[in-house]
Every structure is written in structure tokens, then in C-alpha cells.
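Asker: the following comprises the amino acid sequence and a computationally predicted model.
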Amino acid sequence: MVKRALEITLMTAENIRLNKKPVKNAVVALRVEPGQECSTKPAPDKGTNPRWNENLIVDLPLHVGFITVEVKCKSSSGSYKLVGGATVPVSDFAGDLGAPHGHVHFLSYRLRDSNGVKTDGIINISAKMAVPTPAQANTYEVPQPQIGVPFGHRRNMLAAGGLVTGIPVRYAQPCKC
């Protein structure tokens, strides 16, 4: 599976409240795919405007259309409760064809609670597609198949793996209308 490297900085949040009360020990969880989640350390500031300024680098598969950013706080029982979340389209930071690799996008999103209702909370992030190093550059290349029809004796064609015709087509993301 071909992947891209995404560098995302979880900067700050504004007006973060749970049941109309300021939160303590707020963390941000970033989910690219189900089961692939990473999070920040708890914010050192308490109150409604926590700051993290923490960089996370994740693998972003080509088929992923969005990532999920969730602000959570630690409850008295020790578990984390969802304060609010945002769905971030990958096209917001990876869709600029004219933007060079490594171009930083500063983005803000309104948070929604677990029922999908907009809250007053806002999450501020920056995102960029990481520049592949020369060692990684080969990893992201699409192999160029040989196009043609083998000829000769049938035994030679079977030894070569059979007959293949056609032109490979790159995978396109489905339209989410």
C-alpha cells in the first residue's frame, strides 16, 4: 500500500468546555484510519484555551479522504471523555496541485460533540505533506510495467507468466457527493 507522510502540528484550542465547565488535562487524538490513532500529551494549561504545540507525523494512505481530530479530557474515573471532534478533509492540505511539498497550511475547525452538534470550541492545527527524503522517494514511485505482447513459442509464454495486455490505471478516490 502506497502511503504519504503527513506532518501535523496540534497547536491550540479555543473555548473548550465540557458541560459548560473548563476542562483539565485536555489531549488531542488524531485518527487517520480506524485503529490507527495517536494523541498528544495533556495540555499544561488548564481552562478553556489549552495549548499543545505538538508535532505528529503519521502515514497517510492514498485512499484516505479525511482525518479525525478529537479533543478529549480526563475524567475523575481516569477515562477520557470526548469534548469535541472535527473531520478534516485531506484535500484541505494535500489538494493544492500548485503548492510545493512541505507547504504549511494553517487550519481552524469548529468542534462537534458526540451527537454531531456544533459546540463553541475551535481547534487550530497546521498540516503539511512531509517532503520525502531521497531514500523514501523510491518508496513512493509507481512501478512502470512493461507493455506489450510476448511472441514466440507457447512454452516460452507460459514460462514468462502468461500473456498480459492492457494499460494500468491509477486508483482514484471515490466521489463523496
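Answerer: Happy to help now that I have it. Values in this document were obtained by computation on a predicted structure and should not be read as measured data.
Asker: pretty sure residue 22 contacts residue 48?
Answerer: Yes. Between residue 22 and residue 48 there is a contact at 4.9 Å, judged by Cβ atoms under 8 Å. Where C-beta positions appear, they are placed from N, C-alpha and C, glycine not excepted.
Asker: which residues are in contact with both of the two?
Answerer: Here residue 22 and residue 48 have residue 16 as joint contacts, going by Cβ atoms under 8 Å, 6 or more residues apart in numbering.
Asker: so who does residue 81 touch?
Answerer: 18, 72-75.
Asker: now the buried members of those.
Answerer: Buried subset of those (neighbour count, 16 or more other Cβ atoms under 10 Å): 18, 72-73.
Asker: identify the bridge partners of residue 88.
Answerer: Note on residue 88: beta-bridge partners by DSSP bridges are residue 67.
Asker: residues near it, how many?
Answerer: Applying other Cβ atoms under 10 Å, we find 19 residues neighbouring residue 88.
Asker: what about it, distance to residue 32?
Answerer: 10 Å (Cβ to Cβ, to the nearest Å).
Asker: hey, where'd the strands end up in this structure?
Answerer: Secondary structure of the chain, counting by DSSP state E: strands at 3-14, 17-18, 21-22, 26-33, 36-39, 51-61, 66-74, 80-89, 105-112, 118-129.
Asker: which residues do residue 88 and residue 32 both contact?
Answerer: The overlap between the contact sets of residue 88 and residue 32 (Cβ under 8 Å, 6+ apart) consists of residue 67.
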